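A.B. asks: predicted model, plus sequence, below.
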Amino acid sequence: MNSAQVRKDLSYLDPPGVRGVGYNVAALRELLRRELGLTRKYRVAIAGAGNMGTALTVYPGFVESGFEIVAVFDTDEQKIGMDIGGVKVASLDSLEQLSRASRATIGIIATPAEAAQAVADRFVAAGIRSILNFAPAVLEVREGVKVRRVDLTSELQILAYHLAVERD
């Protein structure tokens, strides 16, 4: 992408700037955040308090970007009641009730593959319409629910491909 394309794309947003001088970076950043829906806070529930779920719960980048982890769920009795980054792990049995009570709007699935679909169904039943899926499973959800799958193996394969191409 070249600078002319970036300017053309930005022109659709009527950015604050002066021709031949440039953009006010702070104002442009705020405009982009507003257009991308990033000026409000989003409440997030995580299913799975294993290594991935724990890492996601304590990741500081979420707070900086407006994402607040409000609930964490698991089925392991040893983990239920634990505090992870200031959030108490709750039983998966309470997912619908606590997701609604905490006003979560985004669900993250960090469970084994065999549990992912059931968790997705429960998130949807709780009113969650956006799901980030770290489980190695393809989810089926009704229309109006957005799912993004994070496949770390595919991402590593892409990087390996780039390394292989560089060597040739």
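C.D. replies: In hand now; what should we look at?
A.B. asks: what residue ranges in the chain score low on pLDDT?
C.D. replies: 19, 168 (pLDDT under 70).
A.B. asks: out of all residues in it, which is the farthest from the middle?
C.D. replies: residue 20 (37.7 Å; Cα atoms, centre = their mean).
A.B. asks: measure it to residue 7 for me?
C.D. replies: Separation of residue 20 from residue 7 (Cβ to Cβ, to the nearest Å) stands at 12 Å. Every C-beta, even on glycine, is put in place using the N, C-alpha and C of the backbone.
A.B. asks: cool, residue 46 as well?
C.D. replies: Taken as Cβ to Cβ, the span from residue 46 to residue 7 is 39 Å.
A.B. asks: picking up where we left off before, am I right that the residue farthest from the centre of the chain is in a strand?
C.D. replies: No. The assignment for residue 20, made by DSSP: H, G, I helix; E, B strand; the rest coil, is coil rather than a strand.
A.B. asks: for the strand ranked longest in the chain, name the packing helices and strands.
C.D. replies: Using DSSP state E to define each element, the chain has its longest strand at strand 67-74. In terms of contacts (3 or more Cβ pairs under 8 Å, 6 or more residues apart in numbering; DSSP states H and E), strand 67-74 is packed against strand 42-47, helix 51-58, strand 87-91, helix 95-101.
A.B. asks: residues making contact with that strand?
C.D. replies: With contacts defined as Cβ atoms under 8 Å, 6 or more residues apart in numbering, strand 67-74 is touched by 41-50, 53, 56-57, 62, 80, 84-85, 87-92, 94-95, 98-99, 102-104, 106.
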